[in-house]
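Trainee: Generate a structure from the sequence data that follows.
(one chain, ligands or ions: 1)
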Amino acid sequence: MSLQLDDITLTYPDGDGRVTALDRVTLHVPAGTVTAVVGPSGSGKSSLLAVAATLVTPDSGTVTVGGTPTGSIGRAERAELRRRRLGIVFQQPNLLPSLTALEQLQVMAHLDGHRPREVRERAEELLAAVGLTDQARRRPHQLSGGQRQRVNIARALMNEPSVLLVDEPTSALDHERGAAVLDLLARLTRERGTATVLVTHDRAHLAVADDVREMVDGRLTAAGPARDAAGGAPYAPTPELDSASDSSTATC
Ligand SMILES: Nc1ncnc2c1ncn2[C@@H]1O[C@H](COP(=O)(O)OP(=O)(O)OP(=O)(O)O)[C@@H](O)[C@H]1O
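Mentor: Coordinates of the predicted model:
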């Protein structure tokens, strides 16, 4: 299922006036693809994720998650949609200190009333997918930063979301671990048909994206595909990179 944002404008109160965080933003993220969003501080990236997550209601425009237009449903239904359809990965994994890696995942689905055996199997499958089978019984303080972030990602996938919203998942990691987490996100996105939005400052990681957009002053520009045909060239946005052919040959 896909994520569709149409003509989204979002303003916040600012003294006597209002500041425009998102300015007529339109974005379509097809199922099984990763769209990366880059842009300077204060350009509107977090606001975009908050609106896509239905945590913030825009002034105008529509957010459609897996075919469901979120503006036309009530608050309770939106909360239900968030729980069932959306996976959200914030910068810092907010894992519960007293739970093991396995329990962090299980607790998500127990809340939904699934059978314990099914829940356990799914949690084990996801921990295996992120390469943490051997760490399943460790608590957060017994895991490395990269391992904690992988638990965070596995947990976000526990309820099989249609849409995955990821904010700077590698900010606490070194380059190599960050790249491994990004590769994992891209693989799981494709395997599970998720529509993934990835906000990142690290342009070296954009090679995993199917599409790269740049946020500038609340406007989203089409920056084109992040990879060349060989899957290698990283994206480096500059004013002359409006054409896709340029973006595929640019270097950082
Ligand atoms: N709650 C708020 N009240 C008022 N203005 C806000 C609020 N949240 C964000 N803004 C403003 O909206 C604009 C977009 O902010 P946003 O946090 O979306 O940017 P960002 O690209 O995520 O920045 P960063 O990379 O620093 O996290 C900025 O001008 C910011 O100051």
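
Trainee: Wasn't Gly87 part of a helix?
Mentor: No. Counting by DSSP: H, G, I helix; E, B strand; the rest coil, Gly87 falls outside a helix, being strand.

Trainee: Check the burial of it by counting its neighbours.
Mentor: Gly87 is flanked by 25 other residues according to other CB atoms under 10 Å. For glycine as for every other residue, the C-beta is placed from the backbone atoms N, C-alpha and C.

Trainee: same check, this time on Arg148
Mentor: Residues near Arg148, counting by other CB under 10 Å, number 23.

Trainee: Now it: closest residue in space, sequence neighbours ignored.
Mentor: Leaving aside its chain neighbours, Arg148 sits nearest to Pro93 (4.5 Å; criterion: CB to CB, 6 or more residues apart in numbering).

Trainee: ok so the one you found is a strand residue?
Mentor: No. Using three-state DSSP, the assignment for Pro93 is coil, not a strand.

Trainee: how deep is it tucked in, by neighbour count?
Mentor: Pro93: 21 surrounding residues under other CB under 10 Å.

Trainee: Hmm, it is touching Ala156, no?
Mentor: No. Contact criterion CB atoms under 8 Å: Pro93 and Ala156 do not qualify, at 9.9 Å.

Trainee: so Gln147 sits right up against Ala136, yeah?
Mentor: No. Because the distance of 10.9 Å does not satisfy CB under 8 Å, Gln147 is recorded as not touching Ala136.

Trainee: joint contacts of the two?
Mentor: Common contacts of Gln147 and Ala136, defined by CB atoms under 8 Å, 6 or more residues apart in numbering, comprise Ala101.

Trainee: Show me what counts as buried in stretch 72-88.
Mentor: Residues of stretch 72-88 classed as buried: 78, 81-82, 85-88 (neighbour count, 16 or more other CB atoms under 10 Å).

Trainee: err, stretch 88-102, not the other one
Mentor: 88-89, 91, 93, 95, 100-102.

Trainee: Stretch 7-22 now?
Mentor: Within stretch 7-22, the residues that count as buried by 16+ other CB under 10 Å are 8-11, 20-22.

Trainee: Restricted to strands, list the residues you listed.
Mentor: Within the buried residues of stretch 7-22, residues falling in strands by DSSP state E are 8-11, 20-22.

Trainee: Kindly state the pLDDT recorded for the residue nearest to Arg148?
Mentor: Per-residue pLDDT puts Pro93 at 80.

Trainee: quick revisit: just put the buried residues of stretch 72-88 in a markdown table and tack on pLDDT.
Mentor: Shown next, in a markdown table, are these (pLDDT from 0 to 100):
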| residue | pLDDT |
| --- | --- |
| Arg78 | 89 |
| Leu81 | 88 |
| Arg82 | 87 |
| Arg85 | 88 |
| Leu86 | 91 |
| Gly87 | 90 |
| Ile88 | 88 |
